[in-house]
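Trainee: Sequence below, structure please.
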Amino acid sequence: MKKKGMLVIISGPSGSGKGTVVGKIDREDCAHSISVTTREKRPGEEHGVHYFFTTKEDFIERRQRGEFLEHAEFVGNLYGTPKDYVEGKIAEGKAVILEIDVVGALQIKEKFEDCILIFLIPPTMADLKKRLQGRSTEDEATINRRVKRANFEIEYFEKYDYLVINDEVEETVSKIHTIIASEYLKPSRNQNFIHAIRNEIKGDEV
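Mentor: Predicted structure coming up:
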């Protein structure tokens, strides 16, 4: 019987490796959330694959209608998580994977109480800084700002359902698959089966 799907939110500071981990999560059983954005489409990007591209006017109208689970503005562009897309995939029994920061995650948790929150973190803060430096794309001042931001984000550890230490990527991905598999076993996600069993018992009692 079809099980109830779920929204799985993965957060973590810059350097935690969440982008790499999310990219390796099995897409056969999981659906990756696609954000709506007002920014221009970049070469190679496809509407409905990388983002749902729209105008600022349309975005604002949809935001006013409450069509986003969360929304934010970044460097002049608007981004939002579409409620209908997420709910549609959950209705199909999918685990919808959403990579987002702690502020957005907790914003969604208020509206979507049964979502699953997973926080990724390297083994040590020294590892985090080393990973940021290893990118060789930012100066030391920017890296230090990211580390400071990470110090802020880890204060939210205990608001998450799971804490996963990302040391080896493949092992981390395996842990997340295990979490999702375990969540599918909860009675709250198997109400169709429970209802069928109860009806069978009632039939035997007649």
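
Trainee: Where do the strands of this protein begin and end?
Mentor: With DSSP state E as the criterion, the chain has strands at 6-11, 30-32, 36-37, 52-53, 68-74, 77-82, 95-99, 116-121, 162-165.

Trainee: Take these and lay them out in a markdown table including distance to Gly23 and mean pLDDT.
Mentor: Quick note: C-beta positions are derived from backbone N, CA and C, even for glycine. Shown next, in a markdown table, are the strands of the chain (distance: least, CB to CB, whole Å; pLDDT from 0 to 100):
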| stretch | distance to Gly23 | mean pLDDT |
| --- | --- | --- |
| strand 6-11 | 11 | 95 |
| strand 30-32 | 9 | 91 |
| strand 36-37 | 19 | 94 |
| strand 52-53 | 19 | 95 |
| strand 68-74 | 20 | 87 |
| strand 77-82 | 18 | 92 |
| strand 95-99 | 9 | 93 |
| strand 116-121 | 13 | 96 |
| strand 162-165 | 15 | 96 |
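
Trainee: Reformat these as a markdown table; add distance to Pro187 and mean neighbour count.
Mentor: A markdown table is the format used below for the strands of the chain (distance: least, CB to CB, whole Å; neighbours: other CB atoms under 10 Å):
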| stretch | distance to Pro187 | mean neighbour count |
| --- | --- | --- |
| strand 6-11 | 14 | 25 |
| strand 30-32 | 21 | 19 |
| strand 36-37 | 34 | 20 |
| strand 52-53 | 34 | 16 |
| strand 68-74 | 25 | 18 |
| strand 77-82 | 27 | 20 |
| strand 95-99 | 17 | 24 |
| strand 116-121 | 16 | 23 |
| strand 162-165 | 19 | 17 |
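
Trainee: Low-confidence stretches in the chain?
Mentor: Low-confidence segments of the chain (pLDDT under 70): 1-2, 205-206.

Trainee: Nearest the middle, which residue of it would you pick?
Mentor: Nearest residue to the geometric centre of the chain (CA atoms, centre = their mean): Leu98, 2.1 Å.

Trainee: ok, what's across the strand from it?
Mentor: Taking DSSP bridges, one obtains Ile9 as the residues bridged to Leu98.

Trainee: Quick one: residues contacting it.
Mentor: Contacts for Leu98 (CB atoms under 8 Å, 6 or more residues apart in numbering) come out as Leu7, Val8, Ile9, Ile10, His32, Ser33, Thr81, Val86, Ile108.
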